[in-house]
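In: just a sequence and a predicted model for now, questions to come.
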Amino acid sequence: LLTDKERNRALRFKFDRHRNRWVFGRLTLKHLLSSYLHCKALSIELGYGEIGKPYVASPSNNNLLFNYTDSGGFLIYAFSQGIEVGVDLEFLPRETNFEALVRRKLTPDEQTAFYEMPVDQQQSAFLACWTRKEAYGKALGVGIRYPMSEVPLCENMQEAVFSLVNDDGDNVVLHQLQPPFSGIGCIASIATQVEICSFSMPMD
């Protein structure tokens, strides 16, 4: 099911576990896409946007959009009909200099909200905010290549739902999620360019 380009990308991974995770994620994606598009997984070809966001190139003339994220050996997939979507996942604890990232990537108001959090909750609060920032960028098709420190998404870190109108006039809604990975500390966010009336995640 992998194209030559995908095989070459897989071979560039240094560690087997990372290669296996990427291959598994890509194969699972193609099988899920085939179920939505009612075609064989072998017939699915992916194209890539300017910064590498994948989309369904073949079969053409479909309005199925998707995004997926992997972290710690877990995957979350998001699919939609005709609306852009982005999703991100992070695990706790994570060894990173999150305080330096707070100063560089959060808006002044977001920084204020962050430092008002109890110290023992700051890392989880930052990672929750980071998943919003990444999911937002993925929904726009720019990944993390946008001025994060100028786009407020986490001014109230206690709210699970946040909406804004971006510079292009699109209404973007972010939902903070607690994925049902039993016994594992993690946080995720999904961003869409239209308001979600309801959202559910299967627990099995």
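Out: Thanks, I have the structure now.

In: can you list contacts of the worst-scoring helix or strand of the chain on mean pLDDT?
Out: One helix or strand of the chain scores below all others by mean pLDDT, DSSP states H and E: strand 161-165, with a mean of 84. When contacts are defined by Cβ atoms under 8 Å, 6 or more residues apart in numbering, strand 161-165 is touched by residues 132, 151-154, 156, 171-176, 195. C-beta coordinates here come from the backbone N, C-alpha and C atoms, glycine included.

In: phi, psi for Asp167 please.
Out: When read as degrees, to the nearest 10, the backbone of Asp167 gives phi -60, psi -20.

In: low-confidence regions, this protein specifically.
Out: Where the chain drops to pLDDT under 70, the residues are 181-183, 195-204.

In: which stretches in it count as helices?
Out: Secondary structure of the chain (DSSP state H): helices at 4-11, 16-37, 98-105, 108-115, 122-140.

In: tell me the helices and strands packed up against the last one.
Out: It stands for helix 122-140. Here helix 122-140 touches strand 64-71, strand 85-91, helix 98-105, helix 108-115, strand 171-177, strand 186-192, going by 3 or more Cβ pairs under 8 Å, 6 or more residues apart in numbering; DSSP states H and E.

In: if we can go back for a sec, which of the helices of the chain sits closest to Gly73?
Out: helix 16-37 (6.1 Å; Cβ to Cβ).

In: distance from the chain centre to the closest one, please.
Out: Remark: helix 16-37 is offset 16 Å from the chain centroid, using Cα atoms, centre = their mean, to the nearest Å.

In: any buried residues in it, and which?
Out: Across helix 16-37, burial judged by 16 or more other Cβ atoms under 10 Å covers Arg21, Trp22, Val23, Gly25, Arg26, Leu29, Lys30, Leu32, Leu33, Ser34, Leu37.

In: would you list the residues you listed in JSON lines and tack on distance to Ser189?
Out: Shown next, in JSON lines, are the buried residues of helix 16-37 (distance: Cβ to Cβ, whole Å):
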{"residue": "Arg21", "distance to Ser189": "21"}
{"residue": "Trp22", "distance to Ser189": "22"}
{"residue": "Val23", "distance to Ser189": "26"}
{"residue": "Gly25", "distance to Ser189": "19"}
{"residue": "Arg26", "distance to Ser189": "22"}
{"residue": "Leu29", "distance to Ser189": "19"}
{"residue": "Lys30", "distance to Ser189": "25"}
{"residue": "Leu32", "distance to Ser189": "20"}
{"residue": "Leu33", "distance to Ser189": "22"}
{"residue": "Ser34", "distance to Ser189": "27"}
{"residue": "Leu37", "distance to Ser189": "26"}
